[in-house]
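Asker: Sharing a model that was predicted from the sequence below.
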Amino acid sequence: MNQDVMSPLKNPAYRNLFMAQVTSLLGTGLTTIALALLAFDMAGDQAGQVLGTALAIKMIAYVTVAPVAGGLAHLLPRKATLIFLDIVRAGLILTLPFLSTQWQLYGVIFALNVCSASFTPLFQAIISDLLPCEERYTKALSYSRLAYDLENIVSPSLAAFLLIYWSFDNLFMINGVTFLVSAVLVLLTAIPKAALTQREKSVWKNITFGVRAYLKTPRLRGLLALHGVVALGGAMVIVNSVVYVRSYLGLGESETAGVMMASGAGSMLVALYLPKVLKTVPDRPLMVLGGSIIASALLWGMLLPSLLGVVCIWFLLGAGWSFIQTPAARVVNRSAHEGDRAAFFSANFALSHGAWFIAYSGAGWLGANIGLSQTFVVMACAAFFMTLWALKLWPTNDPVVVEHVHKAHDHDHPHTHNDHHHDHPHEGWEGPEPHVHEHRHTEVRHAHRFVIDAHHIRWPQR
């Protein structure tokens with residue numbers, strides 16, 4: 001088999017990191033169920049409001065910390081950073097069974113997700129470095145999507161079984177162990193050094209680079225709108241499943257886990273087959289299809305169907321968000337240079353979770369104050385609007401190679417002398433290439449894979 005198209009699991013480094021991801025996500029899925037049950041113990045019928053607030057705090061941590069972590073990631077040793085964050089997360093998760101007040105819960109949730117906001121974008125950037133072939137990378141994204149679906153299928157199933165014998169507090173303990181296993185797997189992995197990064201020296205500009213570059217890229221603005229659609233559907237699943245099943249339908253903990261498992265089943269089914277479809281169909285139409293599915297499923301939810309109906313709705317929501325989230329990293333990867341990937345993935349992480357912050361808050365507070373049926377209507381209308389907005393923001397004609405003009409200017413950055421873009425007078429030998437010294441760029445018009453970076457600070461006008 002051609003090395004370029006074989007399974008990414010043939011790569012030992014990727015295989016270790018994928019196993020680390022599966023292990024930690026298995027534990028995180030158990031914690032998701034346990035948090036919902038802990039919130040119900042603390043607040044009863046108002047559990048959705050407590051859980052919505054806790055998850056909104058989680059999003060605040062993501063939105064505020066991820067850009068900082070991404071802007072400075074190129075200055076840190078990648079392997080040691082991942083191991084340290086896994087160990088800290090293990091320690092924090094083990095405190096959850098001993099909490100007695102909502103404020104303690106909110107504080108631990110914030111600290112835990114400060115670590116996650118630093119860990120996940122760096123992890124994503126490393127995967128794209130390990131798998132430069134796009135087809136293998138697409139398969140890896142599919143595997144990653146399947147790993148996330150463990151939170152919605154295997155974890156709830158395992159939780160339903162474990163809850164027969166144990167209290168939900170033990171699920172937090174298992175999650176702590178899974179983070180430690182993840183740290184060991186990262187320790188055993190050979191992680192390549194980060195690519196050379198061309199950045200300005202200002203700390204503030206380094207921190208804000210990823211977000212500024214992301215928002216200047218049309219396809220990424222469209223992706224952000226679709227992330228908003230995913231958040232609207234996902235918030236209803238995560239925040240209101242326990243309220244819908246236990247309060248409205250009057251069923252128990254096992255049925256709650258089973259309903260949440262349905263969304264994972266829909267997501268997993270799409271993720272299994274999407275890499276084959278992506279060989280012939282572009283990302284944009286498939287992702288817009290996902291947004292339409294989510295909006296339609298939410299609209300169906302306003303009828304407040306029985307258990308079978310809500311299982312079908314949750315299944316469609318999972319299928320819709322897999323259509324969007326599986327190719328999303330390809331879109332981000334296509335929009336960044338190798339050395340800037342951590343910053344772009346951090347921006348994607350922060351901005352998309354800003355949408356989750358709004359959706360979590362809305363799902364919890366609207367569900368508690370205006371009722372589930374009306375909440376479904378509001379979320380469906382917002383999802384339809386965001387899908388249409390994505391169509392406007394992300395041009396149909398979206399070439400990777402773009403012709404553009406560089407104005408003449410003085411610049412200081414790593415470069416080689418093997419192209420006319422860096423043609424300038426020499427004063428003898430200037431050191432091994434790439435090297436750094438101040439030089440002048442003459443005005444030039446050319447075409448290449450266009451991304452926002454130190455040389456290209458705005459998107460070309462058509």
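Answerer: Okay, I see it. Numbering: from 1, shown residues only.
Asker: contacts and neighbour counts: CA atoms only from here.
Answerer: OK.
Asker: Now do stretch 113-121: distance to the chain's middle.
Answerer: 10 Å (CA atoms, centre = their mean, to the nearest Å).
Asker: Which positions in that stretch come out as buried?
Answerer: Buried positions in stretch 113-121, judged by neighbour count with 16 or more other CA atoms under 10 Å: 113-121.
Asker: how far away is the nearest residue in space to T28 that is not next to it in sequence from F168?
Answerer: Nearest residue to T28, sequence neighbours excluded (CA to CA, 6 or more residues apart in numbering): N175, at 5.9 Å. Separation of N175 from F168 (CA to CA, to the nearest Å): 12 Å.
Asker: Confirm for me that the residue nearest to T28 is in contact with L30.
Answerer: Yes. Shown here, N175 and L30 form a contact pair, counting by CA atoms under 8 Å, at 7.0 Å.
Asker: These two: who's more crowded?
Answerer: L30 (29 against 24; other CA atoms under 10 Å).
Asker: Kindly provide the distance from the more buried one to S100.
Answerer: Distance from L30 to S100, by CA to CA: 20 Å.
Asker: do the same with P282
Answerer: Using CA to CA, P282 is found at 50 Å from S100.
Asker: Equivalent analysis for W365, please.
Answerer: W365 sits 23 Å away from S100, taking CA to CA as the criterion.
Asker: Counting neighbours, go ahead and name the busier of the two.
Answerer: Legend: neighbour count by other CA under 10 Å for W365 and S100, higher for W365 (20 against 11).
Asker: How about that one, nearest residue that isn't a chain neighbour?
Answerer: Q49 (5.7 Å).
Asker: for the stretch of helix or strand that neighbour belongs to, packing partners?
Answerer: Assigned by DSSP states H and E, Q49 falls within helix 47-72. Packing partners of helix 47-72 (3 or more CA pairs under 8 Å, 6 or more residues apart in numbering; DSSP states H and E): helix 12-43, helix 102-130, helix 203-215, helix 218-242, helix 341-369.
Asker: which one of these has the lowest average pLDDT?
Answerer: Looking at these, the lowest mean pLDDT belongs to helix 203-215 (a mean of 74).
Asker: Neighbours of the closest residue to C381 other than its chain neighbours, how many?
Answerer: Spatial nearest neighbour of C381, chain neighbours left out: A295 (7.2 Å); criterion: CA to CA, 6+ apart. Neighbourhood size, A295 [other CA under 10 Å]: 28.
Asker: Surely A295 and A383 touch.
Answerer: Yes. In this structure A295 lies within contact range of A383 using CA under 8 Å: 5.0 Å.
Asker: tell me, what's touching those two both at once?
Answerer: V229 (CA atoms under 8 Å, 6 or more residues apart in numbering).
Asker: With the flanking residues excluded, which residue is spatially nearest to L96?
Answerer: F172 (6.7 Å).
Asker: From what I see, that neighbour and L99 are in contact.
Answerer: No. Taking CA under 8 Å as the definition, F172 is not a contact partner of L99, at 11.6 Å.
Asker: which of those two has more neighbours?
Answerer: Using other CA under 10 Å, the more surrounded residue of F172 and L99 is F172, with 24 against 12.
Asker: check contacts around the more buried one.
Answerer: Taking CA under 8 Å, 6+ apart as the test, what F172 contacts is 27, 30-31, 34, 93-94, 96-97.
Asker: Check the residues you listed against L141 and report the nearest one.
Answerer: Closest approach to L141 among these (CA to CA): G27, at 20.2 Å.
Asker: How much space separates the closest residue to the closest one other than its chain neighbours from V230?
Answerer: Excluding its sequence neighbours, the residue lying closest to G27 (CA to CA, 6+ apart) is N175, at 3.9 Å. For N175, the distance to V230 equals 25 Å [CA to CA].
Asker: cool, V68 as well?
Answerer: For V68, the distance to V230 - CA to CA - is 24 Å.
Asker: which of these two has more neighbours?
Answerer: V230 (29 against 23).
Asker: Skipping its backbone neighbours, what lies nearest the more buried one in space?
Answerer: Taking CA to CA, 6+ apart, and ignoring the residues beside it in sequence, V230 has W321 as its nearest neighbour in space, at 5.3 Å.
Asker: Quick check, pLDDT for the one you found.
Answerer: Reported pLDDT for W321: 90.
Asker: quick one: contacts for it?
Answerer: 230, 233-234, 267, 290-291, 294.
Asker: ok, back up a step: after the helix holding Q49, which helix or strand is next? Please name it.
Answerer: helix 78-93.
Asker: Double-check N348 against Y214; I have them as touching.
Answerer: Yes. With contacts defined as CA under 8 Å, N348 counts as touching Y214 at a distance of 7.5 Å.
Asker: Please identify which of the two sits among more neighbours.
Answerer: Taking other CA under 10 Å, N348 and Y214 do not tie; N348 has more neighbours (28 against 25).
Asker: Next, find the distance separating the more buried one from S241.
Answerer: Distance, N348 to S241, by CA to CA: 27 Å.
Asker: which SS class is V281?
Answerer: coil (DSSP: H, G, I helix; E, B strand; the rest coil).
Asker: Now do the phi/psi pair for it.
Answerer: Dihedral pair for V281: phi -110, psi 130, per degrees, to the nearest 10.
Asker: Tell me how far it lies from A235.
Answerer: Applying CA to CA, the value for V281 to A235 is 29 Å.
Asker: residue contacts, V377?
Answerer: 298-299, 301-302.
Asker: so what's P132 scoring on pLDDT?
Answerer: Per-residue pLDDT puts P132 at 81.
Asker: Contact partners for it?
Answerer: Here P132 is in contact with no residue (CA under 8 Å, 6+ apart).
Asker: ok, now R330?
Answerer: 137-138.
Asker: got it, and A183?
Answerer: Residues counted as contacts of A183 (CA under 8 Å, 6+ apart) are 20, 82-84, 86-87.
Asker: Quickly find the element holding it.
Answerer: helix 169-187.
Asker: Report the angle between that helix and helix 78-93.
Answerer: Counting by axes from the mean of the first three to the mean of the last three CA atoms, to 10 degrees, helix 169-187 points 170 degrees away from the direction of helix 78-93.
Asker: Using PDB, write out the CA atom coordinates for helix 169-187.
Answerer: Taking C-alpha atoms only, helix 169-187 is exported to PDB below (Å, rounded to 0.1, in the frame of the first residue of the first chain):
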ATOM      1  CA  ASP A 169     -18.800  10.000  42.600                       C
ATOM      2  CA  ASN A 170     -16.700   7.000  41.500                       C
ATOM      3  CA  LEU A 171     -16.900   8.200  37.900                       C
ATOM      4  CA  PHE A 172     -14.800  11.200  38.800                       C
ATOM      5  CA  MET A 173     -12.100   8.900  40.200                       C
ATOM      6  CA  ILE A 174     -12.000   6.900  37.000                       C
ATOM      7  CA  ASN A 175     -11.500  10.100  35.000                       C
ATOM      8  CA  GLY A 176      -8.600  11.100  37.100                       C
ATOM      9  CA  VAL A 177      -6.900   7.800  36.300                       C
ATOM     10  CA  THR A 178      -7.500   8.200  32.600                       C
ATOM     11  CA  PHE A 179      -5.700  11.600  32.600                       C
ATOM     12  CA  LEU A 180      -2.700   9.900  34.200                       C
ATOM     13  CA  VAL A 181      -2.700   7.200  31.600                       C
ATOM     14  CA  SER A 182      -2.800   9.900  28.900                       C
ATOM     15  CA  ALA A 183       0.300  11.500  30.500                       C
ATOM     16  CA  VAL A 184       2.200   8.200  30.300                       C
ATOM     17  CA  LEU A 185       1.300   7.700  26.700                       C
ATOM     18  CA  VAL A 186       2.500  11.200  25.800                       C
ATOM     19  CA  LEU A 187       5.700  10.500  27.700                       C
END
